[in-house]
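**Q** next input, structure requested:
(chains A and B)
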Amino acid sequence: MTRSSDSASGQCALHNCISIRYLRVWQFPAAVIVMSALLHVPILQAQQPKVSEYQVKAAYLYNFGRFVKWPPGLAAGKDDSFPVCVLGRDPFGPILDSTLAGEALEGKPVVIRRIGRLQDAPDCRILFVSSTEENHLKEILAAIDQAGVLTVSDIPGFSRRGGMIQFVAEGDRVRFEINLATAESARLVLSSELLKVAATVRRTPRSGD
Amino acid sequence: MFKAQNHSISRKLTWMNMLVSGAALLLACAAFIAFDMITFRQAMLRNLSTQAQIIGSNSISALLFNDPQSAENTLLALRAAPNILSAQVYLPDGRPFASYSRDRDRHSPVLPPIPSGQTETHWIEDGQMALVRSVALDGKPIGAVYIRSDLQELHTRLQRYALIAAIVLSACLLAALLISSVFRRAVAEPIVHLSEIARVVSQEKNYSVRATPIRSPAELAILIDAFNEMLAQIQQSERALRKAHDELEQRVRERTAELETAKKEVEEFSHSILLAKEEVERGSKFKDQFLSTMSHELRTPLNAVLGFSDLLADERYGPLNERQQRYVKHIHTGGRHLLSLISDILDLSKIEAGRMELAIESLSVDTVFGEVLSAMQPLADTKSQSMSKNTEAGLAVHADSTRFKQVLMNLLGNAIKFTPNGGRIEVAARSVEGKVRVEVRDNGPGIPPEEQQRIFEAFYRLRESGKKTEGTGLGLAITHRLVELHGGELSLESQVGQGSCFYFCLPAAVTVREPLSRKTESSSISALPARILVIEDDRATAQLIQSQLTSAGYEVMVCEEPQSALEMAAQFQPGAITLDIVMKPRNGWEVLSQLKRDKRTAQIPLIVVSIVDQPSMGMLLGADEYLVKPVNKSTLLGAIRRHVSIRPATAPGRPILVVEDDAATREFIAELLSAQGYAVATAADGAQARAQVAASLPELVILDLVLPEVSGFELLGEWRASPRTADLAVFILTSMDLTQEEQSYLRTHAESLFNKQEPWQGALLKQLERVVSLGTPEKV
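**A** Model (predicted):
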């Protein structure tokens, strides 16, 4: 008698357990639909503002830094900052500052420097060469050769001419080309992830050597 | 019925086995499958989560550098997992970035938010499992991966499990069925067998069958053993019972035969007893006849001897010389002795034959003592002995008056006889433990111990008394027997030279009726005309009764108010009372009981004269006579006369008729009465008496009972029945031994009764004086 009632209550407990589980499982989709209905409007609105070209490029500058490894001795030799420099006329304006403000790379706070002299260039870790400097490109690249500086520019043919990363436009999208040979010669290691999303990866050594 | 039970027990066993094993197995399967499903589902979820993670980390750069193509390439790797229905990569703002679908269904669902603090969430929807995992870089979310999998594998697994469970279950049930058949053999079959044996025992009463013993299970084995044991005991006891029954029947048969024999013997014996009884009855009857003949035939001549010797001694018929006087005296003394001897022998015979009847009544001891002493005084005087009585006042005994006196007289007579001249004799009584102890004591020579033992034997005499031949030697024996008849025992205390004391105990009585008080009362008023109180509320009736009584010479008082009757009766003390029954305000029954309760009036004779015919009721309440109206004059006067016992003053000089068949006795009585101056007529038998009375009414009749041809009883009955002779005064003088009934009959129908065994002459003359007026004595 006692035994049979025990087993019955045991069965009952087990049944309850299962039913509770089912309840949870079937309650969840309902919650999902309600939540998504609420979230629908802000998602559509977020698509609306048009992001400017240099805003995207500023973000890319920072993102490049996340997929690149600098040679260890180089990074430690300088002071405790990670300088991102713009050489030539600054096409970003305040957007660069606002985009990179408070960010860090290689464990160091990012600082932005707008430089006019070539001598300051080797201290930079990422160097954006403005299109205004297209004519001095050969001297600039030579000056920072071996200095462990990631060079980025939107000058056409930049990667073919010894630059490392060159922005290219592909419709609305901002894409980039990578010259792996120059980066390797500067002892920079680019992540395969970065290479995977690059529009073109070339291995053209810097001309003029 | 038994078949059904057989089936039921084995079927039940099978069902039980199947149910138990089936239930256990089902439960186990369910638990196992549930556990496996849960585990498998968790594994699936883990797998899904891993896939989402891989896709996420491979999509980081695509997200960062806005390269959906790269992300889609990554997603395409999911083709290797056929369970993945679709997968999407989303931007942080929720826009779809890249997607993959197994069925080319490019549908991008809206993502649920991931709970804060977690990196992924999952749910099950439409039988599919969905999982969202956020993609982050340096702790910042840069997108999300949505991955959706069907549960086909789970379902397949479940189906497979169900199939396995079903197979296992059937296999197990089959096994249980087989096992239960084994159980049935082990458990059910012994029980079925046992029940079959029980049926045989209970229906056929066959106790010789036995259940087949088994070794296991232990309980059943014990049960079967106990059952067999029980059967054995029953069989044994039944056998014993049957044996006992057979024995009993055998014994009954034997006993019946014995009884038959015994019965035959008893019948024979009882027949012989019957014969013997008839013999005894004949003998007893003969003895009775002999006794009564003896008493009559012996006494009658003796009475003549005694009477005539008395007459001679009186010198009424001429003087006797000294020698003649002496001889006459010898004749008289010898006659007396012979008479007492005969009386004693007859008494003793009567006692021995159990024919002595006692008329037990309450007797005042003092009164009886007085009478006995006065009777014995003359004898004591002859030896100058002093006699005294010593008794407590009001002491009374239950005894027969005559026999009690006889006892006392015998003892006193002995005392007088054996005590020397001038001795002292005392009779005493005292109450001892509800009894009355009576003693007769003398200061004579006493009785030696060796003689004390034999003294109560018949015909035993003390040696000392051998010189004188007084006494019969029967006195003490009779006395002893008489005391025994009264329920006591006569004992003796004596020492030689110190005197003797005879004593016995009698049952004590409470009330004492003064014996003879009525007689004395009536005799006291004999000189006066009797006064009669008539209680009658009807004036005419009262006058009639009054005139009837007055004409007969009675003084009459009439009481017309029954309520004052008691006071009148008490005040005037009438000689008799007549009482009516139907009266108001108080009826005659009440007055009767009142009068009989009151001491002052209880002894006054009461005659009920009523129209109510209930004599028994009247007698019960104490009425002395009961007359039913209409009452004629003679009947009324007869009744009054019987109770008042007085003749009216106007007495005619009619003769007294002596009816006596013995010539000598007849002559003696006639002589005795004549000597007293009465006129006497005689009749020698009943016929003569009847004729004489018919011819002329005598003054009084002295009637012997034993007469040739017509007995005294017959004459008395005739006379009482006739109105003419209803009032005739009759004295009975007989030597016959009377029974209680005869005595009571005579007391109510005759005026007086005298027994020839006792000295009767004096008493007869005395009574005659009372009844017959001497106013006109007539000499013959």
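
**Q** please, which helix or strand holds residue A:177?
**A** In the assignment (DSSP states H and E), residue A:177 maps to strand A:173-179.

**Q** which elements pack onto that strand?
**A** In this structure, strand A:173-179 makes packing contacts with helix A:53-66, strand A:165-170, strand A:200-202, judged by 3 or more Cβ pairs under 8 Å, 6 or more residues apart in numbering or on different chains; DSSP states H and E. Where you see a C-beta, it was placed from the backbone N, CA and C, and this is true even at glycine.

**Q** save those as a markdown table, and put in distance to residue B:759 and mean neighbour count too.
**A** Listed next are the helices and strands packed on strand A:173-179 as a markdown table, based on distance: least, Cβ to Cβ, whole Å; neighbours: other Cβ atoms under 10 Å in any protein chain shown:
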| stretch | distance to residue B:759 | mean neighbour count |
| --- | --- | --- |
| helix A:53-66 | 183 | 20 |
| strand A:165-170 | 194 | 18 |
| strand A:200-202 | 194 | 14 |
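
**Q** okay, domains of chain B per the record?
**A** Partitioning chain B according to automatic domain parsing yields domains covering residues B:2-169, B:359-507, B:527-644, B:656-771.

**Q** residue B:699 against residue B:658, yeah?
**A** No - shown here, residue B:699 and residue B:658 do not form a contact pair, counting by Cβ atoms under 8 Å, at 11.5 Å.

**Q** contact partners for residue 111?
**A** You didn't pick a chain, so chain A it is. Counting by Cβ atoms under 8 Å, 6 or more residues apart in numbering or on different chains, residue A:111 makes contact with A:81-84.

**Q** if you could check chain B rather than the one you did, that'd help
**A** A:36, B:90, B:94, B:132, B:144, B:146.

**Q** how does chain A divide into domains?
**A** A:1-47, A:53-202.

**Q** what lies in contact with stretch B:134-143?
**A** A:66, B:56-57, B:59-60, B:63-64, B:89-92, B:97, B:114, B:119-120, B:144-145.

**Q** mind listing which of those residues are in helices?
**A** A:66, B:56-57, B:60, B:63-64 (DSSP state H).

**Q** now, which of the residues you listed sits nearest residue B:722?
**A** residue B:56 (167.5 Å; Cβ to Cβ).

**Q** who wins for neighbours among the contacts of residue A:111?
**A** residue A:84 (25 neighbours; other Cβ atoms under 10 Å in any protein chain shown).

**Q** quick check, that residue in contact with residue A:108.
**A** No - at 11.0 Å, residue A:84 does not count as touching residue A:108 under the criterion of Cβ under 8 Å.

**Q** returning to that earlier point: same drill for residue B:699 and residue B:658, tell me which one is more crowded.
**A** Per other Cβ under 10 Å, whichever of residue B:699 and residue B:658 has more neighbours is residue B:658, with 28 against 24.

**Q** quick one: closest of the domains of chain B to residue A:148.
**A** domain B:2-169 (21.9 Å).

**Q** mind checking how far the nearest residue to residue A:59 once chain neighbours are set aside is from residue B:142?
**A** Spatial nearest neighbour of residue A:59, excluding adjacent residues (Cβ to Cβ, 6 or more residues apart in numbering or on different chains): residue A:99 at 5.7 Å. According to Cβ to Cβ, to the nearest Å, residue A:99 stands 15 Å off from residue B:142.

**Q** again with residue B:167
**A** Distance from residue B:167 to residue B:142, by Cβ to Cβ: 53 Å.

**Q** neighbour count: those two, which is higher?
**A** Neighbour totals were compared for residue B:167 and residue B:142, and residue B:142 leads with 19 against 10 (other Cβ under 10 Å).

**Q** got phi/psi on that one?
**A** phi -120, psi 0 (degrees, to the nearest 10).

**Q** how about residue B:503?
**A** The phi/psi pair for residue B:503 (degrees, to the nearest 10) is phi -140, psi 160.

**Q** could you report the pLDDT at the residue nearest to residue B:539 when sequence neighbours are not counted?
**A** Nearest residue to residue B:539, sequence neighbours excluded (Cβ to Cβ, 6+ apart): residue B:560, at 6.6 Å. We have a pLDDT of 86 for residue B:560.

**Q** surely residue B:560 meets residue B:534?
**A** No - Residue B:560 lies out of contact with residue B:534 (Cβ under 8 Å); the separation is 9.2 Å.

**Q** just want the most central residue of chain A.
**A** Centroid-nearest residue in chain A, with Cα atoms, centre = their mean: residue A:63, separated by 1.7 Å.

**Q** excluding sequence neighbours, find me the nearest residue to that one.
**A** residue B:64 is the one closest to residue A:63 (Cβ to Cβ, 6+ apart), at 4.6 Å.

**Q** quick check: the one you found touching residue A:62?
**A** No - using Cβ under 8 Å, residue B:64 makes no contact with residue A:62, being 9.3 Å away.

**Q** and the lowest mean pLDDT element among the helices and strands of chain A?
**A** Scoring the helices and strands of chain A by mean pLDDT, DSSP states H and E places helix A:2-46 at the bottom, with a mean of 39.

**Q** okay, now the residue in the stretch 301-450 of chain B that chain A sits nearest to: neighbour count?
**A** Residue nearest to chain A within the stretch 301-450 of chain B (Cβ to the nearest Cβ): residue B:434, separated by 83.0 Å. Using other Cβ under 10 Å, residue B:434 is surrounded by 8 other residues.

**Q** that one is in contact with residue B:509, isn't it?
**A** No - with contact defined as Cβ under 8 Å, residue B:434 does not reach residue B:509; the gap is 10.8 Å.

**Q** where does pLDDT dip in the chain?
**A** Assuming you mean chain A. A:1-50, A:74-79, A:206-209 (pLDDT under 70).

**Q** sorry, I should have been clearer: chain B.
**A** B:1-7, B:105-108, B:458-472, B:511-529, B:645-653, B:773-780.

**Q** what does it put close to chain A?
**A** Residues of chain B found near chain A (Cβ under 8 Å from any Cβ of the partner chain) are B:27, B:30-31, B:34, B:58, B:60-62, B:64-67, B:70, B:93-95, B:110-113, B:123-125, B:137-138.

**Q** narrow those to those that are buried.
**A** Buried residues within the residues of chain B next to chain A, defined by neighbour count using 16 or more other Cβ atoms under 10 Å in any protein chain shown: B:58, B:60-62, B:64-67, B:70, B:94, B:110-113, B:123-125, B:137.

**Q** specify the local secondary structure of residue B:753.
**A** Following DSSP: H, G, I helix; E, B strand; the rest coil, we place residue B:753 in the strand state.

**Q** quick one: residue B:141 is in a strand?
**A** Yes - judged by three-state DSSP, residue B:141 forms part of a strand.

**Q** and it, bridged to which residues?
**A** residue B:136 (DSSP bridges).

**Q** what's around it, how many residues?
**A** Residue B:141 has 14 neighbours, counted by other Cβ under 10 Å.
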